[in-house]
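[1] sequence plus the predicted model coming up.
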Amino acid sequence: MSRDATRPPHVIDPAGGCPHALNARLRAAGAVADVLLPGRVPGAVVLGHEALKQFLAHPDVAKDPRHCPALHDGSIPRDWPLRVFADAQGMHTADAADHRRLRALVGQAFTARQVERLRPRVEELTRALLDDLGRAAAAAPDGIADLRTHFALPLPMSVICELLGVDPEHRVRLHHLSNTVIVATDTTPAEAMAAVRELVALMGTIAAARRRDPGEDLTSALIAAREDDGDRLSEAELIGTMRLMLIAGHETTLNLISNAVRALCTHRDQLALVLESKATWSDVVDETLRWDGPVSWFPFRYPTRDLAVGGTVIPRGTPVLAGYTAAGRDEAFHGPDADRFDVTRPTAARHLAFGHGAHYCLGAPLARLEATIALERLFTRYPDLDLALPGAGLPHQRSFIGNSVEALPVRLVRE
């Protein structure tokens, strides 16, 4: 494996938890660590900022699972829950020309200009959801409302579903399934496979509805591209692309908004800087992405040859995790105070939370737009908003992939 054989690999806890102490311990031993994935599958994680940046853009690192022999030779069982990250067909598991072809079909919907056209709709949804949040808090005897349920989730979920042409009645179930498939890494193989099957079937139902009644949405455009030229997009690629857009389009932004609110509520001095116009809401978003990013360790990339990364050789075909939260607090890059939340930090905007290289997140402009509008309007309307529980007392997501809390109870007026 990648490291000294005398150093045992880290055994990943499927239930995850707050990653930062673990990241610091592993990163102190090197920029790359051996791990045992759930199911005792050998892998590696890249933890250092510069090492991760190099790895993400390296020409000898692939996303296509055919480059991982263990997925095909019987070493990894067919019901391994993390196969969902390898087996789906779409741009996130494609390389070179296939990746460029699939990315081009979706990319036009996520240019800075196209995303800016969504601003009025995002602002409208934000106003309505802040009203809902206020009503929920007012109706509760203790004045507490869950900000994730009433605000941080429905905003990005509504936006991405409108972009994809998903009818409202599917949205609650889609979030549950995507959370089970992608975020909750402590599910059993049977639970994971059942959720994958249901999610794929529901994506097929949505695609069929758009075939019958096409509209000005991304799913209709993808279907038209496939039917105009059958070689451009297979049915599996269509479903895989829809699934990627749906999950990436709301789960990560949900966590980003939640983590930013937690950070500002527990660092009132940093919130004051923004409210006094000494820093911007974009600064808050970048520092949150660096300091407590929405994705912790993300699967998978595979070296196509034995590859030296950060002074360590990762063997060919190893399933490798991108350690985004670890790189975000790398003292070698962000300085000795990298574990401090600081919205004026000069290196914050150079984080890797959206990736790097050919697979840089297509939805980054949309996530930024949603998060900056959400945070500005939230704290403008409720400047005294505060956590109803101490930050350390909030239950963390049961995941080593997603990084946030399961719920975010808040009071709109500080006690």
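    Arrived safely, thanks for sending.
[2] residue boundaries of the helices in the stretch 101-250 of the chain?
    112-116, 119-139, 147, 154-164, 171-178, 189-212, 218-228, 235-266 (DSSP state H, counting those that start in this stretch).
[3] what's the closest of the ones you listed to residue 52?
    Comparison of the helices of the stretch 101-250 of the chain against residue 52 by CB to CB identifies helix 235-266 as nearest, at 17.2 Å. C-beta coordinates here come from the backbone N, C-alpha and C atoms, glycine included.
[4] toward the C-terminus, what is the element adjacent to that closest one?
    Using DSSP states H and E, the helix or strand that follows helix 235-266 in sequence is helix 268-275.
[5] comparing the helices of the stretch 101-250 of the chain, which comes out most buried?
    Of all the helices of the stretch 101-250 of the chain, helix 147 has the most neighbours on average by mean count of other CB atoms under 10 Å, namely a mean of 29.
[6] how far off centre is that one?
    Helix 147 sits 19 Å away from the centroid of its parent chain (CA atoms, centre = their mean, to the nearest Å).
[7] who's in contact with it?
    Residues outside helix 147 that contact it (CB atoms under 8 Å, 6 or more residues apart in numbering) are 133, 258, 261, 408-410.
[8] quick check: mean pLDDT across it?
    Mean pLDDT, helix 147: 98.
[9] repeat for stretch 311-326
    Stretch 311-326 shows a mean pLDDT of 97.
[10] stretch 394-403 now?
    94.
[11] give the buried residues for it.
    Buried residues in stretch 394-403, counted by 16 or more other CB atoms under 10 Å: 394, 397-403.
[12] figure out the length between the terminal residues of it.
    Terminal residues of stretch 394-403 are spaced 13 Å apart (CA to CA, to the nearest Å).
[13] run through who's touching it.
    With contacts defined as CB under 8 Å, 6+ apart, stretch 394-403 is touched by 12-19, 182-186, 251, 255, 259, 262, 292-299, 325, 387, 404-409.
[14] cutoff 7 Å now
    The contact list for stretch 394-403, computed with CB atoms under 7 Å, 6 or more residues apart in numbering, reads 12-13, 15-19, 182-186, 251, 255, 292-298, 325, 404-408.
[15] same list, the contacts of helix 147, but as a markdown table with distance to residue 46 and pLDDT please.
    A markdown table is the format used below for these (distance: CB to CB, whole Å; pLDDT from 0 to 100):
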| residue | distance to residue 46 | pLDDT |
| --- | --- | --- |
| 133 | 38 | 97 |
| 258 | 25 | 98 |
| 261 | 29 | 98 |
| 408 | 30 | 97 |
| 409 | 35 | 97 |
| 410 | 35 | 97 |
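[16] mind picking the two most distant members of the residues you listed?
    For the contacts of helix 147, the farthest-apart pair by CB to CB is 133 and 258; their separation is 13.2 Å.
[17] check contacts around the nearest residue to residue 323 once chain neighbours are set aside.
    The shortest distance from residue 323 to any non-neighbouring residue, by CB to CB, 6 or more residues apart in numbering, is to residue 47 (4.4 Å). Contacts for residue 47 (CB under 7 Å, 6+ apart) come out as 23, 26-27, 31-33, 323, 326-327.
[18] which one of the residues you listed is nearest to residue 368?
    Nearest to residue 368 among the contacts of residue 47, counting by CB to CB, is residue 327 at 19.0 Å.
[19] pick out the most distant pair among the buried residues of stretch 394-403.
    So, the buried residues of stretch 394-403 by CB to CB: farthest apart are 394 and 401, at 18.4 Å.
[20] just the pLDDT at the residue nearest to residue 34 when sequence neighbours are not counted, thanks.
    Counting by CB to CB, 6+ apart, residue 34 lies nearest to residue 9, which is 3.7 Å off, once chain neighbours are set aside. Per-residue pLDDT puts residue 9 at 96.
[21] right, and residue 9 touches residue 40 too?
    No - judged on CB atoms under 7 Å, residue 9 makes no contact with residue 40 at a distance of 9.8 Å.
[22] neighbour-wise, which of these two wins?
    Taking other CB atoms under 10 Å, residue 9 and residue 40 do not tie; residue 9 has more neighbours (19 against 9).
[23] list the contacts of that one.
    Counting by CB under 7 Å, 6+ apart, residue 9 touches 1, 34-36, 42.
[24] now, the contacts of residue 47 that are in strands?
    If you go by DSSP state E, those have 32-33, 323 in strands.
[25] what touches both of residue 9 and residue 40?
    The contact sets of residue 9 and residue 40 do not overlap (CB under 7 Å, 6+ apart).
[26] dump the contacts of residue 9 into a markdown table; add secondary structure as well.
    Output for the contacts of residue 9, formatted as a markdown table (DSSP: H, G, I helix; E, B strand; the rest coil):
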| residue | secondary structure |
| --- | --- |
| 1 | coil |
| 34 | strand |
| 35 | strand |
| 36 | strand |
| 42 | strand |
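[27] tell me which of those residues is nearest to residue 154?
    Using CB to CB, residue 35 comes nearest to residue 154 of the contacts of residue 9, at 34.8 Å.
[28] using CSV, write down the CA coordinates of the least confident helix or strand in the chain by mean pLDDT.
    Counting by mean pLDDT, DSSP states H and E, the chain has its least confident helix or strand at helix 218-228, which shows a mean of 81. Taking Å, rounded to 0.1, in the frame of the first residue of the first chain, the C-alpha atoms of helix 218-228 are listed here in CSV:
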residue,chain,number,x,y,z
LEU,A,218,-32.2,20.5,-17.9
THR,A,219,-33.7,17.0,-18.0
SER,A,220,-35.7,17.9,-21.1
ALA,A,221,-32.5,19.3,-22.7
LEU,A,222,-30.5,16.1,-21.9
ILE,A,223,-33.3,13.9,-23.3
ALA,A,224,-33.4,16.0,-26.5
ALA,A,225,-29.6,15.7,-26.9
ARG,A,226,-29.9,12.0,-26.5
GLU,A,227,-32.7,11.6,-29.0
ASP,A,228,-31.1,14.0,-31.5
